[in-house]
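>>> give me a 3D structure for the following:
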Amino acid sequence: MNIKKISTEDLRRMEGKEGLILQGCGGKPEEWVDGINQMLTEEGILLEGTEFREVSVFEHDGLTCILYPFGDVKLAMGKLAVWRLQTHEDFGGTWLSDYVPNRLGGFTDRQAEKPDCALIGEDGNIFNLAGVAARTLREHGLKEQAEELKERVCSSGSYNEALCIIGEYVNITSVDGQEFVDTEMEQETERQEPGMSR
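So this is what the prediction gives:
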């Protein structure tokens with residue numbers, strides 16, 4: 001089972017994908033996933049022994065929500081639609097394609113809104129880089145993304161992962177405006193000691 005923590009902005013970049021979102025999922029996500037897999041199997045909704053193994057957890061409006069994507073499971077969609085309506089009072093179930101337009105303002109293309117950020121040549125401490133990127137986002141009116149970036153960097157597991165997260169929010173450039181290419185990222189990562197700073 002792989003449970004990934006994502007942001008609402010990640011959801012907004014999932015145009016063309018579909019899944020079931022359950023709202024108000026307090027407690028351990030693993031228990032929710034196991035319980036829903038068992039429930040949907042018993043109801044004849046999950047077919048051919050498939051179950052949700054890759055799910056995502058996010059927070060919105062003070063609620064913990066879980067996205068069960070449809071990509072790797074076989075479903076009796078008609079039965080699932082009926083089950084979602086019957087259990088809506090308990091689980092707040094909705095489709096990803098409904099939730100994003102109705103609750104988050106619609107799908108978006110992060111590439112279209114990423115500002116340039118001159119990080120090449122800066123102090124390579126990841127928290128410094130995250131701070132510079134967050135400041136750039138705020139200067140472009142993207143305060144929510146700035147806070148989200150800092151939170152995700154702080155909870156990331158490695159320097160490389162944190163650097164990739166920063167790259168999701170800003171176009172990493174050098175002082176002269178050149179785009180940050182993969183080889184430069186690899187070289188910078190190789191110079192880092194294990195952990196989150198130089």
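
>>> confirm D123 sits in a strand?
No. Counting by DSSP: H, G, I helix; E, B strand; the rest coil, D123 is located in no strand; its state is coil.

>>> what is the neighbour count of it?
The local packing of D123 (other CB atoms under 10 Å) involves 13 other residues. For every residue, glycine as well, the C-beta is placed using N, CA and C.

>>> likewise A134?
Neighbourhood size, A134 [other CB under 10 Å]: 23.

>>> which element is it on?
Using DSSP states H and E, A134 sits in helix 126-139.

>>> and that helix, C-alpha only, in CSV?
C-alpha atoms of helix 126-139 as CSV (Å, rounded to 0.1, in the frame of the first residue of the first chain):
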residue,chain,number,x,y,z
ILE,A,126,17.6,23.6,0.8
PHE,A,127,15.8,25.8,3.3
ASN,A,128,17.5,28.9,1.8
LEU,A,129,16.4,27.8,-1.7
ALA,A,130,12.9,27.1,-0.5
GLY,A,131,12.8,30.6,1.1
VAL,A,132,13.9,32.3,-2.1
ALA,A,133,11.4,30.3,-4.1
ALA,A,134,8.6,31.1,-1.6
ARG,A,135,9.5,34.8,-1.8
THR,A,136,9.3,34.7,-5.6
LEU,A,137,5.8,33.1,-5.4
ARG,A,138,4.6,35.7,-3.0
GLU,A,139,5.9,38.5,-5.3
